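Asks: Requesting a structural model of the entry that follows:
(one chain, ligands or ions: 1)
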Amino acid sequence: MSAQKVLVTGATKGIGKGIAKVFASHGCDVAVLGRDQSTADAAAAELAASTGSKVIGVAGQVSDKASMSAAIDKVVAEFGGLDVLCANAGIFPDAPLESMSEDDWDLVMNTNLKGTFISVQAAIPALKESSAGRIVVTSSITGPVTGFPGWAHYGASKAGQLGFIRTASIELAKYQITINAVMPGNILTEGLQGMGEEYLTQMANSIPLKRLGQVEDIGNAAYYFASEGAGYVTGQTIVVDGGQILPESLEALE
Ligand SMILES: NC(=O)c1ccc[n+]([C@@H]2O[C@H](COP(=O)([O-])OP(=O)(O)OC[C@H]3O[C@@H](n4cnc5c(N)ncnc54)[C@H](OP(=O)(O)O)[C@@H]3O)[C@@H](O)[C@H]2O)c1
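Replies: Sure, this is the predicted structure:
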(Lines give C-alpha, C1' and ligand atoms only; values in the text may rest on other atoms or scores of the structure.)
Protein backbone atom coordinates (compact mmCIF):
# COMPACT_ATOMS: atom_id res chain seq x y z
CA MET A 1 0.00 0.00 0.00
CA SER A 2 1.49 3.39 -0.95
CA ALA A 3 1.51 6.20 1.62
CA GLN A 4 -2.06 6.72 2.70
CA LYS A 5 -3.82 10.08 2.56
CA VAL A 6 -5.55 10.60 5.89
CA LEU A 7 -8.01 13.06 7.43
CA VAL A 8 -8.41 13.08 11.22
CA THR A 9 -11.24 15.17 12.65
CA GLY A 10 -10.73 16.72 16.08
CA ALA A 11 -6.97 16.47 15.69
CA THR A 12 -5.83 19.82 17.08
CA LYS A 13 -5.25 18.15 20.46
CA GLY A 14 -5.96 15.05 22.52
CA ILE A 15 -6.65 11.66 20.98
CA GLY A 16 -7.10 13.01 17.45
CA LYS A 17 -3.66 14.60 17.52
CA GLY A 18 -2.26 11.27 18.75
CA ILE A 19 -3.97 9.43 15.88
CA ALA A 20 -2.59 11.99 13.41
CA LYS A 21 0.88 11.56 14.91
CA VAL A 22 0.82 7.77 14.50
CA PHE A 23 -0.24 7.99 10.83
CA ALA A 24 2.32 10.75 10.11
CA SER A 25 5.02 8.69 11.86
CA HIS A 26 4.27 5.91 9.36
CA GLY A 27 4.84 8.33 6.45
CA CYS A 28 1.20 9.08 5.64
CA ASP A 29 -0.01 12.45 4.37
CA VAL A 30 -2.22 13.70 7.20
CA ALA A 31 -4.81 16.48 7.46
CA VAL A 32 -5.69 17.62 10.99
CA LEU A 33 -9.15 19.14 11.32
CA GLY A 34 -10.47 21.48 13.99
CA ARG A 35 -12.94 24.34 14.07
CA ASP A 36 -10.32 27.07 13.75
CA GLN A 37 -7.84 27.26 10.87
CA SER A 38 -4.94 28.78 12.82
CA THR A 39 -5.27 26.19 15.62
CA ALA A 40 -5.31 23.39 13.04
CA ASP A 41 -2.30 24.91 11.27
CA ALA A 42 -0.35 25.08 14.53
CA ALA A 43 -1.02 21.40 15.32
CA ALA A 44 -0.15 20.45 11.73
CA ALA A 45 3.14 22.36 11.84
CA GLU A 46 4.10 20.66 15.12
CA LEU A 47 3.35 17.18 13.73
CA ALA A 48 5.10 17.90 10.42
CA ALA A 49 8.22 18.99 12.32
CA SER A 50 8.25 15.95 14.65
CA THR A 51 7.49 13.31 12.00
CA GLY A 52 8.91 14.72 8.74
CA SER A 53 5.65 13.88 6.94
CA LYS A 54 3.29 16.15 5.05
CA VAL A 55 0.74 17.40 7.58
CA ILE A 56 -1.77 20.15 6.82
CA GLY A 57 -4.37 21.97 8.90
CA VAL A 58 -7.99 22.11 7.78
CA ALA A 59 -10.86 24.06 9.34
CA GLY A 60 -14.21 22.31 9.62
CA GLN A 61 -17.32 21.97 11.76
CA VAL A 62 -18.23 18.28 11.92
CA SER A 63 -21.94 18.89 12.45
CA ASP A 64 -22.22 21.00 9.28
CA LYS A 65 -22.43 19.23 5.93
CA ALA A 66 -21.27 22.14 3.74
CA SER A 67 -18.32 22.77 6.03
CA MET A 68 -17.21 19.11 5.97
CA SER A 69 -17.65 18.80 2.20
CA ALA A 70 -15.45 21.89 1.75
CA ALA A 71 -12.87 20.47 4.17
CA ILE A 72 -12.71 17.17 2.29
CA ASP A 73 -12.43 18.98 -1.06
CA LYS A 74 -9.44 20.82 0.38
CA VAL A 75 -7.77 17.59 1.53
CA VAL A 76 -8.34 15.94 -1.87
CA ALA A 77 -6.92 19.01 -3.64
CA GLU A 78 -3.81 19.03 -1.39
CA PHE A 79 -3.12 15.29 -1.32
CA GLY A 80 -4.63 14.13 -4.61
CA GLY A 81 -7.16 11.89 -2.88
CA LEU A 82 -8.32 10.47 0.44
CA ASP A 83 -7.81 6.91 1.72
CA VAL A 84 -8.62 7.16 5.42
CA LEU A 85 -11.13 9.14 7.46
CA CYS A 86 -10.70 9.06 11.23
CA ALA A 87 -13.99 10.47 12.58
CA ASN A 88 -12.72 11.38 16.01
CA ALA A 89 -14.05 14.83 16.94
CA GLY A 90 -16.14 14.72 20.08
CA ILE A 91 -17.11 16.71 23.17
CA PHE A 92 -18.01 15.67 26.72
CA PRO A 93 -19.55 18.50 28.75
CA ASP A 94 -21.19 16.96 31.81
CA ALA A 95 -24.84 17.53 32.72
CA PRO A 96 -26.77 15.59 35.39
CA LEU A 97 -29.82 13.92 33.88
CA GLU A 98 -32.35 15.77 36.06
CA SER A 99 -31.12 19.20 34.97
CA MET A 100 -29.95 18.34 31.43
CA SER A 101 -31.46 20.80 28.95
CA GLU A 102 -32.49 20.00 25.39
CA ASP A 103 -29.64 22.28 24.28
CA ASP A 104 -27.16 20.21 26.35
CA TRP A 105 -28.48 17.06 24.66
CA ASP A 106 -28.50 18.56 21.14
CA LEU A 107 -24.97 19.96 21.36
CA VAL A 108 -23.48 16.59 22.31
CA MET A 109 -25.59 14.63 19.82
CA ASN A 110 -24.93 17.11 16.99
CA THR A 111 -21.18 17.01 17.50
CA ASN A 112 -20.60 13.37 18.41
CA LEU A 113 -23.29 11.40 16.58
CA LYS A 114 -24.53 13.66 13.77
CA GLY A 115 -20.92 14.80 13.35
CA THR A 116 -19.89 11.19 12.71
CA PHE A 117 -22.67 10.75 10.13
CA ILE A 118 -21.85 14.06 8.38
CA SER A 119 -18.09 13.37 8.31
CA VAL A 120 -18.58 9.86 6.95
CA GLN A 121 -21.15 10.88 4.35
CA ALA A 122 -19.02 13.80 3.14
CA ALA A 123 -15.98 11.52 2.76
CA ILE A 124 -17.69 8.74 0.79
CA PRO A 125 -17.18 10.21 -2.72
CA ALA A 126 -13.43 10.60 -2.12
CA LEU A 127 -13.07 7.22 -0.37
CA LYS A 128 -14.81 5.50 -3.30
CA GLU A 129 -11.91 6.69 -5.50
CA SER A 130 -9.38 5.03 -3.17
CA SER A 131 -8.25 1.44 -3.79
CA ALA A 132 -8.68 0.77 -0.07
CA GLY A 133 -11.01 3.26 1.61
CA ARG A 134 -11.00 3.12 5.39
CA ILE A 135 -13.08 4.81 8.09
CA VAL A 136 -12.17 4.64 11.77
CA VAL A 137 -14.59 6.11 14.31
CA THR A 138 -13.57 7.07 17.85
CA SER A 139 -16.31 5.82 20.17
CA SER A 140 -15.71 5.11 23.89
CA ILE A 141 -16.20 2.50 26.57
CA THR A 142 -18.62 5.06 28.12
CA GLY A 143 -22.05 4.31 26.74
CA PRO A 144 -21.47 1.09 24.81
CA VAL A 145 -20.08 -0.72 27.92
CA THR A 146 -20.04 1.51 31.01
CA GLY A 147 -21.96 4.43 32.53
CA PHE A 148 -20.60 7.68 33.94
CA PRO A 149 -22.77 10.10 35.98
CA GLY A 150 -23.31 13.35 34.07
CA TRP A 151 -22.74 11.77 30.71
CA ALA A 152 -26.08 10.21 29.74
CA HIS A 153 -26.12 12.23 26.49
CA TYR A 154 -22.46 11.49 25.83
CA GLY A 155 -22.90 7.76 26.49
CA ALA A 156 -25.91 7.65 24.17
CA SER A 157 -23.92 9.38 21.42
CA LYS A 158 -21.00 6.96 21.77
CA ALA A 159 -23.29 3.91 21.74
CA GLY A 160 -25.11 5.42 18.75
CA GLN A 161 -21.87 5.54 16.79
CA LEU A 162 -21.61 1.75 17.07
CA GLY A 163 -25.14 1.26 15.75
CA PHE A 164 -24.22 3.58 12.89
CA ILE A 165 -21.07 1.70 11.82
CA ARG A 166 -22.81 -1.66 11.64
CA THR A 167 -25.24 -0.59 8.94
CA ALA A 168 -22.71 1.73 7.28
CA SER A 169 -20.28 -1.18 6.97
CA ILE A 170 -22.82 -3.16 4.95
CA GLU A 171 -23.73 -0.22 2.70
CA LEU A 172 -20.07 0.68 2.07
CA ALA A 173 -18.88 -2.88 1.45
CA LYS A 174 -19.73 -2.65 -2.25
CA TYR A 175 -17.03 0.02 -2.54
CA GLN A 176 -14.51 -2.04 -0.52
CA ILE A 177 -14.63 0.72 2.12
CA THR A 178 -14.35 -0.58 5.69
CA ILE A 179 -15.65 1.19 8.79
CA ASN A 180 -14.68 0.21 12.32
CA ALA A 181 -14.55 1.86 15.75
CA VAL A 182 -11.99 2.21 18.53
CA MET A 183 -13.41 2.35 22.07
CA PRO A 184 -10.91 4.14 24.32
CA GLY A 185 -10.85 3.92 28.10
CA ASN A 186 -9.22 6.71 30.15
CA ILE A 187 -6.70 8.37 27.89
CA LEU A 188 -4.19 10.94 29.12
CA THR A 189 -5.11 14.06 27.15
CA GLU A 190 -4.46 17.73 27.90
CA GLY A 191 -7.99 17.87 29.41
CA LEU A 192 -7.40 14.93 31.77
CA GLN A 193 -3.99 16.28 32.82
CA GLY A 194 -5.80 19.24 34.39
CA MET A 195 -7.55 16.89 36.86
CA GLY A 196 -4.43 16.83 39.06
CA GLU A 197 -1.79 14.29 40.08
CA GLU A 198 -3.85 12.61 42.83
CA TYR A 199 -6.80 11.91 40.54
CA LEU A 200 -4.53 10.60 37.80
CA THR A 201 -2.71 8.26 40.21
CA GLN A 202 -5.99 6.89 41.60
CA MET A 203 -7.39 6.35 38.11
CA ALA A 204 -4.19 4.61 36.99
CA ASN A 205 -4.35 2.29 40.02
CA SER A 206 -7.91 1.26 39.14
CA ILE A 207 -6.79 0.00 35.73
CA PRO A 208 -5.33 -3.55 35.49
CA LEU A 209 -2.36 -2.38 33.39
CA LYS A 210 -1.78 0.32 36.06
CA ARG A 211 -1.52 3.26 33.75
CA LEU A 212 -3.75 5.65 31.86
CA GLY A 213 -3.79 5.24 28.10
CA GLN A 214 -1.56 7.33 25.86
CA VAL A 215 -3.10 9.01 22.82
CA GLU A 216 -0.78 6.88 20.70
CA ASP A 217 -2.46 3.72 22.09
CA ILE A 218 -5.62 4.83 20.29
CA GLY A 219 -3.62 5.92 17.25
CA ASN A 220 -2.06 2.47 16.97
CA ALA A 221 -5.50 0.80 17.02
CA ALA A 222 -6.79 3.23 14.38
CA TYR A 223 -3.70 2.55 12.29
CA TYR A 224 -4.41 -1.18 12.45
CA PHE A 225 -8.02 -0.73 11.24
CA ALA A 226 -6.67 1.43 8.38
CA SER A 227 -3.94 -1.04 7.42
CA GLU A 228 -3.88 -3.33 4.41
CA GLY A 229 -3.92 -6.30 6.79
CA ALA A 230 -7.28 -5.23 8.21
CA GLY A 231 -8.94 -5.18 4.81
CA TYR A 232 -11.30 -8.03 5.75
CA VAL A 233 -12.40 -6.40 9.04
CA THR A 234 -15.47 -4.17 8.93
CA GLY A 235 -18.29 -3.11 11.25
CA GLN A 236 -16.18 -4.09 14.26
CA THR A 237 -14.92 -2.53 17.48
CA ILE A 238 -11.83 -2.77 19.65
CA VAL A 239 -11.66 -1.73 23.30
CA VAL A 240 -8.35 -0.03 24.17
CA ASP A 241 -8.52 0.56 27.92
CA GLY A 242 -5.72 -1.29 29.73
CA GLY A 243 -8.30 -3.80 30.94
CA GLN A 244 -10.37 -1.13 32.74
CA ILE A 245 -13.77 -2.69 32.01
CA LEU A 246 -12.78 -6.22 33.04
CA PRO A 247 -12.46 -6.48 36.86
CA GLU A 248 -15.37 -8.25 38.61
CA SER A 249 -13.75 -9.91 41.63
CA LEU A 250 -13.43 -8.38 45.15
CA GLU A 251 -9.86 -7.60 44.14
CA ALA A 252 -11.34 -4.86 41.92
CA LEU A 253 -12.50 -2.99 45.04
CA GLU A 254 -9.00 -2.77 46.54
N1 LIG B 1 -10.01 11.41 26.46
C2 LIG B 1 -10.55 10.24 26.75
O3 LIG B 1 -10.19 9.63 27.77
C4 LIG B 1 -11.58 9.62 25.84
C5 LIG B 1 -12.10 8.37 26.20
C6 LIG B 1 -13.02 7.76 25.36
C7 LIG B 1 -13.38 8.36 24.16
N8 LIG B 1 -12.87 9.59 23.84
C9 LIG B 1 -13.29 10.15 22.53
O10 LIG B 1 -12.15 10.58 21.83
C11 LIG B 1 -12.48 11.69 21.00
C12 LIG B 1 -11.50 12.81 21.29
O13 LIG B 1 -11.56 13.13 22.67
P14 LIG B 1 -10.39 13.96 23.37
O15 LIG B 1 -10.40 13.60 24.82
O16 LIG B 1 -9.14 13.83 22.61
O17 LIG B 1 -11.00 15.44 23.24
P18 LIG B 1 -10.27 16.86 23.23
O19 LIG B 1 -8.87 16.78 23.74
O20 LIG B 1 -11.22 17.81 23.90
O21 LIG B 1 -10.21 17.22 21.67
C22 LIG B 1 -11.38 17.36 20.94
C23 LIG B 1 -11.04 17.68 19.50
O24 LIG B 1 -12.25 17.78 18.76
C25 LIG B 1 -12.28 19.02 18.08
N26 LIG B 1 -13.68 19.44 17.96
C27 LIG B 1 -14.58 19.63 18.97
N28 LIG B 1 -15.77 19.96 18.48
C29 LIG B 1 -15.65 20.00 17.13
C30 LIG B 1 -16.52 20.27 16.05
N31 LIG B 1 -17.81 20.60 16.27
N32 LIG B 1 -16.05 20.22 14.78
C33 LIG B 1 -14.76 19.91 14.56
N34 LIG B 1 -13.88 19.61 15.52
C35 LIG B 1 -14.31 19.67 16.80
C36 LIG B 1 -11.38 19.95 18.87
O37 LIG B 1 -10.81 20.91 18.01
P38 LIG B 1 -10.99 22.50 18.16
O39 LIG B 1 -11.31 22.81 19.60
O40 LIG B 1 -9.65 23.03 17.71
O41 LIG B 1 -12.11 22.81 17.21
C42 LIG B 1 -10.30 18.97 19.34
O43 LIG B 1 -9.32 18.83 18.35
C44 LIG B 1 -13.93 12.05 21.32
O45 LIG B 1 -14.77 11.48 20.32
C46 LIG B 1 -14.18 11.37 22.65
O47 LIG B 1 -15.53 11.02 22.82
C48 LIG B 1 -12.00 10.24 24.65
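Asks: Against the ligand, how distant is Q61?
Replies: Remark: distance between Q61 and the ligand (CB to the nearest ligand atom, to the nearest Å) = 5 Å. Using the backbone N, CA and C atoms, a C-beta is placed for each residue, glycine as well.
Asks: what are the ranges of the helices in the stretch 151-254 of the chain?
Replies: 152-172, 190-193, 197-205, 215-226 (DSSP state H, counting those that start in this stretch).
Asks: Enumerate the residues of this structure near the ligand.
Replies: Residues of the chain lying near the ligand by CB under 6 Å from any ligand atom: 9-16, 34-36, 39, 60-63, 88-92, 111, 115, 138, 140, 184, 186-187, 189-192.
Asks: Quick check on the residues you listed: which are buried?
Replies: Neighbour-count burial (16 or more other CB atoms under 10 Å) is assigned, among these, to 9-16, 34, 60-63, 88-90, 92, 111, 115, 138, 140, 184, 186-187, 189, 192.
Asks: So which of those residues are in strands?
Replies: If you go by DSSP state E, these have T9, G34, T138, P184 in strands.
Asks: Who are the contact partners of the third one?
Replies: Put plainly, it is T138. 10, 15-16, 19, 86-88, 90, 181-182, 184, 218, 222 (CB atoms under 8 Å, 6 or more residues apart in numbering).
Asks: give me that answer again for 7 Å
Replies: Neighbour list for T138: I15, A87, N88, G90, V182, P184, I218 [criterion: CB atoms under 7 Å, 6 or more residues apart in numbering].
Asks: same check, this time on the first one
Replies: Taking CB under 7 Å, 6+ apart as the contact definition, T9 lies against G16, L33, V62, C86, A87, N88, A89, S119.
Asks: hang on, T51 packs against S25?
Replies: Yes - using CB atoms under 7 Å, T51 makes contact with S25 at a distance of 5.0 Å.
Asks: Need the pLDDT of the nearest residue to M109 once chain neighbours are set aside.
Replies: With CB to CB, 6 or more residues apart in numbering as the criterion, M109 has its nearest non-adjacent residue at 5.5 Å, and that residue is S157. At S157, the predicted lDDT confidence score is 99.
Asks: so where is this structure shaky, pLDDT-wise?
Replies: Along the chain, segments meeting pLDDT under 70 span 1, 253-254.
Asks: how much space is there between A152 and D94?
Replies: 10 Å (CB to CB, to the nearest Å).
Asks: OK, contacts around the closest residue to the ligand within the stretch 51-200 of the chain?
Replies: Of all residues in the stretch 51-200 of the chain, the one sitting closest to the ligand is G90 (2.2 Å; CB to the nearest ligand atom). With contact set as CB under 7 Å, 6+ apart, G90 has these partners: G10, T111, N112, T138.
Asks: D241 too?
Replies: I141, P184, G185, G213.
Asks: Kindly report the same for S249.
Replies: Here S249 is in contact with no residues (criterion: CB under 7 Å, 6+ apart).
Asks: For it, grab phi and psi.
Replies: phi -80, psi 170 (degrees, to the nearest 10).
Asks: what's the burial count for the nearest residue to A11 once chain neighbours are set aside?
Replies: Leaving aside its chain neighbours, A11 sits nearest to V32 (3.6 Å; criterion: CB to CB, 6+ apart). V32 has 32 neighbouring residues, counting by other CB atoms under 10 Å.
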